[in-house]
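# structure, please.
(one chain, ligands or ions: 1)
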Amino acid sequence: MTSLRLGINVDHIATLRNARGGAHPCPVRAALLAAEAGADGITAHLREDRRHIRDGDIFKLKNQVPLPLNLEMAMTEEMLKIALLAKPHAVCIVPEKREELTTEGGLDVLKLEHSLTPFVQQLQDAGIRVSLFIAPELSQIESAARTGARVVELHTGAYAEGHVEAEWLRLMAYHAAEHGLEVHAGHGLTFDNVAPVAAIAPIVELNIGHFLMGEAMFVGLKESITRMRALMNEARK
Ligand code: PXP
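Numbers count the residues shown, from 1 in each chain. Model prediction:
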């Protein structure tokens, strides 16, 4: 089986930092530690309201951390400009609602296909790999492939909440791979629910944040990431 990459989402280090308005704890420090703990990439979501990650964090993560940066962002002109300036390794386009606590659902690619296609193209023309964060649904996968994006990230939130079976994720991952898409997955993954997702062969990357940061409060960030990495490796055997 192909190896499975682990992308660490550092948004909530910034959430904690912003709670007091200072510089501590620092997302770059967390990203450097994640690299030491065996992470393969860093993910950060620059939200329209800058509630956690800020513009400066993106440039620092890109320039100071020796891991590929995956910038999560909404499909807006403002974000496009920042992405073209920062030139992260990858951009993951996500839906965004100001009032939501987290990215609640997948991008409705089917509805947005017309405007999404040139948006994806501009990023890819600049050498940035583009992924679309979508619900694990046939029509969304097929639409994502039509936009020209190379990657889809399957939203595992419904799986994590027990509304979707791992078997359905597996079928959707194969469907995406058959459409020529690289398949990633993420949202709501924990030590307890990661194994069935990690065992799905076409999935080559998991992006995990909130649980690992919460767990880090008790065992430290390095330990928290190392344990996740071990569980993923075990499931992949
Ligand atoms: N992938 C994407 C596209 C996300 O937007 C997020 C966070 O919202 C994650 C992965 C990580 O989710 P979590 O923090 O629940 O692990």
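# any idea how far the closest residue in space to Ala195 that isn't next to it in sequence is from the ligand?
Nearest residue to Ala195, sequence neighbours excluded (CB to CB, 6 or more residues apart in numbering): Ala235, at 4.0 Å. Just so you know, the C-beta spots here come from the backbone N, C-alpha and C atoms, and that holds for glycine as well. Noted for Ala235: a distance of 17 Å to the ligand, by CB to the nearest ligand atom, to the nearest Å.
# okay but Ala235 is in contact with Phe191, surely?
No - using CB atoms under 8 Å, Ala235 makes no contact with Phe191, being 11.3 Å away.
# list the beta-bridge partners for the residue positioned nearest the centre of the chain.
Centroid-nearest residue in the chain, with CA atoms, centre = their mean: Asn207, separated by 4.4 Å. Applying DSSP bridges to Asn207 gives these bridge partners: Gly7, Gly186.
# per-residue pLDDT of it, please?
Looking at Asn207, its pLDDT is 98.
# got the contact list for it?
Going by CB atoms under 8 Å, 6 or more residues apart in numbering, Asn207 touches 7-9, 41, 43, 70, 92, 153, 184-187.
# what's the helix or strand for Glu171?
One correction, residue 171 is Leu, not Glu. helix 166-178 (DSSP states H and E).
# likewise Phe133?
Going by DSSP H and E, Phe133 is in strand 129-134.
# now the angle from that strand to helix 166-178?
Angle, strand 129-134 to helix 166-178, by axes from the mean of the first three to the mean of the last three CA atoms, to 10 degrees: 140 degrees.
# tell me which parts of this structure are close to the ligand?
9, 45, 72, 92, 94, 102-103, 133, 153, 186-189, 207-211 (CB under 6 Å from any ligand atom).
# contacts for the helix holding Leu171, please.
Contacts for helix 166-178 (CB under 8 Å, 6+ apart): 136-138, 141, 144-145, 152, 154, 156, 159, 183, 185, 196-197, 199-203.
# all strands of this structure, in order?
5-9, 41-45, 69-73, 90-93, 129-134, 151-155, 182-186, 203-208 (DSSP state E).
# circling back: among the contacts of helix 166-178, which ones are in helices?
The members of the contacts of helix 166-178 that map onto helices under DSSP state H are 138, 141, 144-145, 159, 196-197.
# what two of those residues are the furthest from one another?
Ala145 and Pro196 (24.7 Å; CB to CB).
# what pLDDT does the model give Lys60?
Lys60 is given a pLDDT of 98.
# contact partners for the spatially closest residue to it that is not a sequence neighbour?
Closest residue to Lys60 apart from its sequence neighbours, by CB to CB, 6+ apart: Val28 at 5.0 Å. Going by CB under 8 Å, 6+ apart, Val28 touches 57, 60-61, 64-65.
# repeat that for 7 Å
60-61, 64-65 (CB atoms under 7 Å, 6 or more residues apart in numbering).
# same question for His210.
His210 neighbours (CB under 7 Å, 6+ apart): His12.
# if I look at it, how far off is Gly186?
Between His210 and Gly186 the computed distance is 10 Å (CB to CB, to the nearest Å).
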